[in-house]
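> my questions are about this predicted structure, shown below with the sequence.
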Amino acid sequence: MGRTVPSITQAFLHEEASFARFRRALRRSDQLALDDLFAAARQHLAAAAYAAHALPFEIFLLAMLLEEHKEVMRLRARVEAQDGG
């Protein structure tokens with residue numbers, strides 16, 4: 001029998017758990033920010049399953065970056081709307 005490749009969800013949960021000690025060492029506000037980043041990555045697990053060429057953690061970081069960039073774009077649009085109006 002061959003080896004079973006863990007699902008992307010299992011890989012995500014493993015990566016998240018591996019940062020537990022790091023998270024505990026952070027200040028509470030930073031813990032919440034880290035939790036938000038992992039939540040952002042969790043939103044893209046279905047798409048992450050299609051990125052088999054990349055390392056799982058690279059995929060999770062890209063998903064976090066994607067959500068952060070979407071927020072920057074939303075805020076930029078709000079600022080431009082206020083400046084233009």
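Sure thing, it's come through. Residues are numbered from 1 along each chain as shown.
> tell me the contacts of the residue nearest the centre of the chain?
Of all residues in the chain, the one closest to the mean position by Cα atoms, centre = their mean is Ala41, 2.5 Å from it. For Ala41, the contacting residues are Phe12, Ala48, Phe60, Leu61, Ala63, Met64, Glu67, taking Cβ atoms under 8 Å, 6 or more residues apart in numbering as the criterion. The way it works is simple: take the backbone N, C-alpha and C, and place the C-beta from them, glycine included.
> what residues are up against the first one?
Spelled out, that is Phe12. For Phe12, the set of contacting residues under the criterion of Cβ under 8 Å, 6+ apart consists of Ala41, Arg42, Leu45, Ala48, Pro56, Phe60.
> so is it in a helix, a strand, or just coil?
Following DSSP: H, G, I helix; E, B strand; the rest coil, the label given to Phe12 is helix.
> let's see the pLDDT reported for it.
At Phe12 the predicted local confidence, pLDDT, stands at 95.
> burial of Ala48, as a residue count?
Here the count is done by other Cβ atoms under 10 Å, and Ala48 has 22 residues near it.
> perfect, that will be all.
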